[in-house]
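Participant: requesting a structural model of the entry that follows:
(chains A and B)
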Protein chains: 2
Amino acid sequence: MSNAVNRRWLLAKHPEGLPDSSCWTLDAAPLPEPGPGQILVKARYLSVDPYMRGRMSRRGNYAKGVAIGEVMRGGGVGEVVASRHPSWKIGDIAETMGFGWQEWSVMTPGQPGPDGVNRIDPSLAPIESALSWLGMPGITAYVGLIEVGRPKPGDTVIVSAASGAVGQLVGQIAKLAGCRIVAIAGSDEKLAWCRSLGFDEGINHRTAGSLPAALKAACPGGVNVFFDNTGGPIHDAVMRTLAVGARVVICGRIALASRYEAPDVGERFLGHLIVSRATIAGFLVFDWWHRREEALARLAAWQRAGRLRYREDVLDGIERMPEAFLRLFSGENFGKQLVRMVG
Amino acid sequence: MSNAVNRRWLLAKHPEGLPDSSCWTLDAAPLPEPGPGQILVKARYLSVDPYMRGRMSRRGNYAKGVAIGEVMRGGGVGEVVASRHPSWKIGDIAETMGFGWQEWSVMTPGQPGPDGVNRIDPSLAPIESALSWLGMPGITAYVGLIEVGRPKPGDTVIVSAASGAVGQLVGQIAKLAGCRIVAIAGSDEKLAWCRSLGFDEGINHRTAGSLPAALKAACPGGVNVFFDNTGGPIHDAVMRTLAVGARVVICGRIALASRYEAPDVGERFLGHLIVSRATIAGFLVFDWWHRREEALARLAAWQRAGRLRYREDVLDGIERMPEAFLRLFSGENFGKQLVRMVG
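Facilitator: Numbering: from 1, shown residues only, chains lettered A, B, ... in the order given. A predicted model of the protein is given here:
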């Protein structure tokens, strides 16, 4: 460890529109030292998630943005290599959304909220699950669908980015809730996998031709719950297909990333909303962090019972963090995108 | 009565955009005859309401549209002049949303829902109240605010078309719920009257200059509940002023009447929704008709206690029905628009 350096990705510029690889620089810093009550953690997996686009914005959004020259924001899971905290020991596995895009991170256990440090039991599931179905994306899917989408048995639930980190789980939880589930995704391979998870119908938004016609065919009784991870043309088309009393969960808007700093201009749906008496709700998982334990317990139980499957897409090496992140915008990722640390 | 004719307004054409007086023709038909179980009612007041724009549409909306040559849809209150129903007698006062733009109407008491016939007690309030604060607009304000807006004490509640049939009541009910209430209206006279009802702040959207700046000044902590009767530029500006967890009630969109048949293109607010975790809900009072008695009882009690005031804007003569209706779109009406029958 004495010769080790901490490679870390610093924000180099705020993107206008879609980010590209020039937005970050790879830096090498001395290893950080844990102070009293702190632990030093060596990353095993880092996460890339769509919310990071917001943190790259000059103005931030619901949270402060990352400043130029700061370590890029992100979650990670790794092994405790030094501890000055009484209840953490070397070899423990720690996860936090406050890890950062870096190989090593000093953490202060005992803080509440998403940046708090969680102890991960590696006997329950592969440790990277804590960044995926058994972590923030899983909580997002569980709370967003159950509390905001409020699915009822017999509902038709449609999910955009259905094979993604959140979408794949939303569909399966909706199936457990007795719903008919419809996937929207960007390739036939992704849709085939969605069908293997139990999705009843699938729409390839790149090849469907008329999206409204495909939606009408897949949802003849209209859409009761729309769990939207993308925004953009998919959102617009589904909004025309809402059943009376529909619930629309605005979870993400990755299709609008290129318009992030500019107004999103297009058709609005106030008339459709009155006619359908639908509800559109913006949703942020961090408001529901008090439900984390409940969500993870349910997800773990379903997974153990063989009723919840998941797919991760893993790249190797911290060098590939920007590439991994940018795959979210092109839709190249297939399942939850992770980066495994090597060496 | 033997020489009487039934003057009635028939739909002459479906408007494209804003309706004008060429959309209807005044017809004179023989008096209708009540059949068994029916009553004949002579109108005393007829109502004009924004929802009627939807009924003029070729495609209708949540309800079937009026066909060319049919009597225009609308509510009315009047006196029973002939009865073949055992529990209705001559001189009773009847109200129904199924009256139509006509002087006489045959009704079948005992049907459920908004087209049902209600017996009005003229000792409780002026009978025209049944078309106004003690009728559909009152129920709209009560249920829309309480159940969809869910005001909490200390909330800032903003109301567009605040001096209108619904808006004036929404503000006063929000005040009763312990909220700070902000009016948006189109004239200083309307705002002065809103202040006399208890509105804490007022914005004249025609003279405010920068609506976003005026909103920021009037709602420094953001908007918790936005009861939207207009859509359009007012809607767009308020959407940028939402507090975290805001509820937006889409009750009407009269400012978009000229775009009724065309897509409403403009800025969308998915990002704002995620950041504010706000909810937008389309609201239709007819879904809540089972709450009619509760709403009317509360409204009547508040009015008797001097805690609910209202304003009506009355034109005389069935000839003026189109004019009265079109005033809703120009904003010329000041309070609930009614037409009193003469002769």
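Participant: A:Gly178 is in contact with A:Gly154, correct?
Facilitator: Yes - in this structure, A:Gly154 is within contact of A:Gly178 by Cβ atoms under 8 Å, at 6.6 Å. All C-beta spots, glycine's among them, are computed from the backbone N, C-alpha and C.
Participant: pull the CA atoms of the helix or strand A:Lys42 falls within into CSV?
Facilitator: Per DSSP states H and E: A:Lys42 is located in strand A:39-47. The C-alpha coordinates for strand A:39-47 follow below in CSV (Å, rounded to 0.1, in the frame of the first residue of the first chain):
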residue,chain,number,x,y,z
ILE,A,39,-12.2,3.9,7.6
LEU,A,40,-10.2,3.6,4.4
VAL,A,41,-12.0,1.6,1.7
LYS,A,42,-10.5,0.2,-1.4
ALA,A,43,-13.1,0.1,-4.2
ARG,A,44,-14.1,-3.2,-5.8
TYR,A,45,-16.9,-1.9,-7.9
LEU,A,46,-18.0,1.6,-8.8
SER,A,47,-21.4,2.6,-10.1
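Participant: tell me the average confidence for the helix ranked longest in chain A?
Facilitator: Ranked by residue count and defined by DSSP state H, the top helix of chain A is helix A:292-304. Averaged across helix A:292-304, the pLDDT comes to 97.
Participant: quick one: residues contacting the residue lying closest to A:Glu319 once chain neighbours are set aside.
Facilitator: Distances taken as Cβ to Cβ, 6 or more residues apart in numbering or on different chains place A:Leu26 nearest to A:Glu319, at 6.8 Å, with adjacent residues excluded. Neighbouring residues of A:Leu26 by Cβ atoms under 8 Å, 6 or more residues apart in numbering or on different chains: A:Arg7, A:Arg8, A:Trp9, A:Leu10, A:Ile318, A:Glu319.
Participant: quick check: bridge partners of A:Arg7?
Facilitator: Applying DSSP bridges to A:Arg7 yields these beta-bridge partners: A:Ala28.
Participant: shouldn't it be in contact with A:Gly317?
Facilitator: No - between A:Arg7 and A:Gly317 there is no contact under Cβ under 8 Å: 9.8 Å.
Participant: who's more crowded, the two?
Facilitator: Neighbour count, other Cβ atoms under 10 Å in any protein chain shown: between A:Arg7 and A:Gly317, A:Arg7 has more, with 19 against 14.
Participant: how about the residues of the stretch 151-300 of chain A near chain B?
Facilitator: Contact residues (Cβ under 8 Å from any Cβ of the partner chain) of the stretch 151-300 of chain A with chain B: A:231, A:235, A:250-253, A:256, A:260, A:263-284, A:287.
Participant: picking up where we left off before, let's verify the residue nearest to A:Glu319: helix, strand, or coil?
Facilitator: Here A:Leu26 is recorded as strand under DSSP: H, G, I helix; E, B strand; the rest coil.
Participant: and stretch A:90-100, what's buried?
Facilitator: A:Asp92, A:Ile93, A:Ala94, A:Glu95, A:Thr96, A:Met97, A:Gly98, A:Phe99, A:Gly100 (16 or more other Cβ atoms under 10 Å in any protein chain shown).
Participant: what do you get for stretch A:170-182?
Facilitator: Buried positions in stretch A:170-182, judged by neighbour count with 16+ other Cβ under 10 Å: A:Val170, A:Gly171, A:Gln172, A:Ile173, A:Ala174, A:Lys175, A:Leu176, A:Ala177, A:Cys179, A:Arg180, A:Ile181, A:Val182.
Participant: and of those, the nearest to chain B?
Facilitator: Of all the buried residues of stretch A:170-182, A:Val170 has the smallest distance to chain B: 16.1 Å, by Cβ to the nearest Cβ.
Participant: can you tell me the helix or strand for that closest one?
Facilitator: helix A:167-176.
Participant: give me the mean pLDDT for the helix or strand just after that helix.
Facilitator: Toward the C-terminus, helix A:167-176 is succeeded by strand A:180-185 as the next helix or strand (DSSP H and E). When pLDDT is averaged over strand A:180-185, the result is 98.
Participant: so A:Thr140 touches A:Val285, yeah?
Facilitator: Yes - the pair A:Thr140 and A:Val285 qualifies as a contact (Cβ under 8 Å) at a distance of 4.3 Å.
Participant: neighbour count: the two, which is higher?
Facilitator: More neighbours surround A:Thr140 than the other of A:Thr140 and A:Val285, with 27 against 22 (other Cβ under 10 Å).
Participant: between helix A:292-304 and the helix holding A:Val170, find me the angle.
Facilitator: 80 degrees (axes from the mean of the first three to the mean of the last three Cα atoms, to 10 degrees).
Participant: which residues touch helix A:167-176?
Facilitator: Against helix A:167-176 from outside (Cβ under 8 Å, 6+ apart): A:133, A:137-138, A:141-142, A:144-146, A:149, A:151, A:155, A:157, A:159-162, A:181, A:183, A:185, A:194, A:197-199, A:225, A:227, A:229, A:299, A:302, A:307-311, A:335-336.
Participant: go ahead and build a ChimeraX selection from the buried members of the residues you listed.
Facilitator: The ChimeraX command for the buried members of the contacts of helix A:167-176 (criterion: 16+ other Cβ under 10 Å) is given here:
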select /A:133,137,138,141,142,144,145,146,149,151,155,157,159,160,161,162,181,183,185,194,197,199,225,227,229,299,302,308,310,311,335,336
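Participant: out of the contacts of helix A:167-176, which are inside helices?
Facilitator: Those of the contacts of helix A:167-176 lying in helices (DSSP H): A:Pro137, A:Gly138, A:Ala141, A:Tyr142, A:Cys194, A:Leu197, A:Leu299, A:Trp302.
Participant: need the helices for the stretch 1-150 of chain A, in chain order.
Facilitator: A:52-55, A:136-143 (DSSP state H, counting those that start in this stretch).
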